[in-house]
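>>> Everything below, folded, please.
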Amino acid sequence: MVIARLRSAPAGLWYAAILLAAVAALASFGIFGVGRQGSGGFDMAFLYAAGRTWLNGLNAYVLAQRQASVGSFPFDIYAFAYPPPVFPLAIGLGYFSFATAKVLMLALNILSAVGLSVYCVRMAEPGPAPAAASRAPEGDAYRWVIPAIIVGNPFTAHVLWMGQTTLIVAASIAWGCRFAGQGRWLLGGLLLAVSTIKPQFSVFAFLWLAMQRRWPSILTAGALSLAFALGSLLISGPLTAIRSWLDEIKVYQAYPSNTVGFEHSFGLQSMLYHLGIAVPSGVLLALAFATVIFLVRAKILEDDILPLLLGVALLLSVAHDYDLILAAPLVPALWRHLRDRGRRTAVIALATMCVMFLPQRLLKPLDSSALLQFRVLVLLGQIIWLFVLSADDAQRNLRTAPALRM
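As a prediction, this is how the structure comes out:
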């Protein structure tokens with residue numbers, strides 16, 4: 001009887017239940033820390049210490065001055081590698097007590113998760129002439145399932161728990177590029193300036209906008225990014241601030257949890273390292289891939305270019321596994337292409353996303369460090385799949401365009 005009632009429940013009720021379960025998971029693991037150790041906020045502690053240091057008129061890129069500014073502190077603030085444009089965020093957190101700063105950072109990340117979910121839903125919406133299937137109850141599934149994927153995945157929860165900035169950067173890049181593409185250069189530039197706190201990812205957004213000749217947005221973003229950095233540059237002097245920041249990057253990269261091969265370091269370089277293949281940093285290779293995507297842009301759909309670029313950035317630049325939330329635009333991109341290709345194909349796509357969420361600890365008994373990098377191959381497969389689907393649909397649009405004009 002119960003099973004029969006569940007089967008007869010409206011589809012909308014099932015979708016709402018899925019989203020509610022995702023929100024519950026986010027609250028459990030990202031806010032209340034179920035199954036976690038400590039009190040969270042480890043990564044936010046670096047921002048907080050830097051903010052306190054700048055508010056004291058000292059150089060946040062010098063460890064001794066950070067330690068002098070926070071006194072007895074529960075976290076090891078060994079290095080501060082964020083670039084100078086992070087100044088407003090850091091002093092905004094450092095102005096308050098650490099407990100209050102954690103709440104503020106949590107609120108910013110929740111707002112960013114909501115914003116990223118809204119962006120992904122917008123990007124998954126059907127075209128101006130939706131098929132009859134999209135008017136069926138299951139045609140609205142993307143409005144519920146996509147936010148559930150974005151909100152309920154472990155990477156989002158980890159960013160919230162650690163007080164990381166990847167959600168802020170992901171939402172800023174996504175909406176910044178969207179607004180810039182709509183000609184709203186001021187708002188787009190502002191959001192892209194915010195994204196420069198993680199330049200290894202934002203550079204790909206700037207590269208794409210440069211290829212599109214979106215100069216007003218680029219110039220606005222550059223000017224605002226410089227304005228954000230101005231406080232840190234004036235406190236220590238521009239040359240001292242830049243030099244000490246670059247020194248901190250070296251300290252940060254040498255720390256065990258940030259070295260190539262660490263189990264939570266993400267990318268092709270780490271995966272190949274565990275296979276005994278040493279390769280240099282993939283930044284230049286990533287830029288080369290981005291250039292190739294630009295050269296073949298006429299053969300794929302424009303809406304797929306940003307997801308592809310962000311996927312390449314994750315694979316080939318400096319990243320950790322929680323940074324995988326930057327791959328969120330891949331979800332609506334694949335959804336658009338697969339919605340009319342049969343339920344079996346959609347299930348396969350959903351299954352690959354679920355594999356991404358598989359905890360690494362389940363594979364540790366196999367005693368294979370290379371297996372812990374399984375997400376690299378999954379993301380690579382999704383990028384290739386999206387490229388093939390995009391090229392196929394772009395070609396199909398070219399074939400049907402003359403018929404539509406007639």
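>>> only C-alpha atoms for contact and neighbour calcs from this point on.
Fine.
>>> In the chain, where is pLDDT below threshold?
Scanning the chain for pLDDT under 70 picks out the ranges 1-12, 127-139, 281-283, 401-406.
>>> Give the full set of residues in contact with the residue nearest to the spatial centre of it.
Against the mean C-alpha coordinate of the chain, by Cα atoms, centre = their mean, the closest residue is L326 at 2.0 Å. Counting by Cα atoms under 8 Å, 6 or more residues apart in numbering, L326 touches T166, L167, A170, L310, G311, L314.
>>> please redo it, this time with the cut-off set to 7 Å
Counting by Cα atoms under 7 Å, 6 or more residues apart in numbering, L326 touches A170, L310.
>>> Kindly report the same for the one 10 residues further on.
With contacts defined as Cα under 7 Å, 6+ apart, R336 is in contact with A124.
>>> Would you mark the buried spots in the longest helix along the chain?
Under DSSP state H, the helix in the chain containing the largest number of residues is helix 374-405. Across helix 374-405, burial judged by 16 or more other Cα atoms under 10 Å covers 374-377, 379-380, 382-383, 386-387, 389-391, 393-394.
>>> got it, and stretch 349-368?
A349, M353, M356.
>>> Filter those down to just the ones in strands.
Per DSSP state E, strands hold no members of the buried residues of stretch 349-368.
>>> how about those in CSV, adding distance to L285?
Converted to CSV, the buried residues of stretch 349-368 look like this (distance: Cα to Cα, whole Å):
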residue, distance to L285
A349, 27
M353, 25
M356, 24
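>>> From these, pick the one nearest S28.
Closest approach between the buried residues of stretch 349-368 and S28, by Cα to Cα: M356, at 19.7 Å.
>>> And the closest residue to that closest one other than its chain neighbours, how far from L330?
Excluding the flanking residues, the one nearest M356 by Cα to Cα, 6 or more residues apart in numbering is R375, at 5.6 Å. In this view, R375 and L330 are 14 Å apart by Cα to Cα, to the nearest Å.
>>> next one: W161
For W161, the distance to L330 (Cα to Cα) stands at 24 Å.
>>> more crowded one of those two?
W161 (27 against 22; other Cα atoms under 10 Å).
>>> Is it correct that R213 falls within a helix?
No: counting by DSSP: H, G, I helix; E, B strand; the rest coil, R213 is not part of a helix but coil.
>>> which SS class is Y78?
Reduced to three states with three-state DSSP, the structure at Y78 is coil.
>>> how about it, phi and psi?
phi -70, psi -30 (degrees, to the nearest 10).
>>> Find me whatever residue is spatially closest to it, sequence neighbours aside.
Nearest residue to Y78, sequence neighbours excluded (Cα to Cα, 6+ apart): L63, at 6.8 Å.
>>> separation between that neighbour and T53?
L63 sits 10 Å away from T53, going by Cα to Cα.
>>> more crowded one of these two?
Ranked by neighbour count (other Cα under 10 Å), L63 and T53 place T53 first, with 25 against 18.
>>> rewinding a little: hang on, the residue nearest to M356 packs against F357?
No: counting by Cα atoms under 7 Å, R375 sits too far from F357 to count as a contact (8.6 Å).
>>> I figured F155 hits Y322, correct?
Yes: look at F155 against Y322 with Cα under 7 Å: they come within range, at 4.7 Å.
>>> circling back: check the buried residues of stretch 349-368 against A16 and report the nearest one.
Among those, and counting by Cα to Cα, the member closest to A16 is M353, at 19.9 Å.
>>> Let me know how buried F32 is, in neighbour terms.
The tally of other residues near F32 (other Cα under 10 Å) stands at 14.
>>> returning to what we had before: what values do phi and psi take at the residue nearest to Y78?
Torsion angles, degrees, to the nearest 10, at L63: phi -60, psi -50.
>>> From A49, how far off is it?
Per Cα to Cα, L63 is found 10 Å from A49.
>>> Kindly report the same for R178.
In this view, R178 and A49 are 34 Å apart by Cα to Cα.
>>> Have a look at those two and say which one is more surrounded.
Neighbour count, other Cα under 10 Å: between R178 and A49, A49 has more, with 29 against 19.
>>> Setting the sequence-adjacent residues aside, check what's closest to A124.
P332 (4.6 Å).
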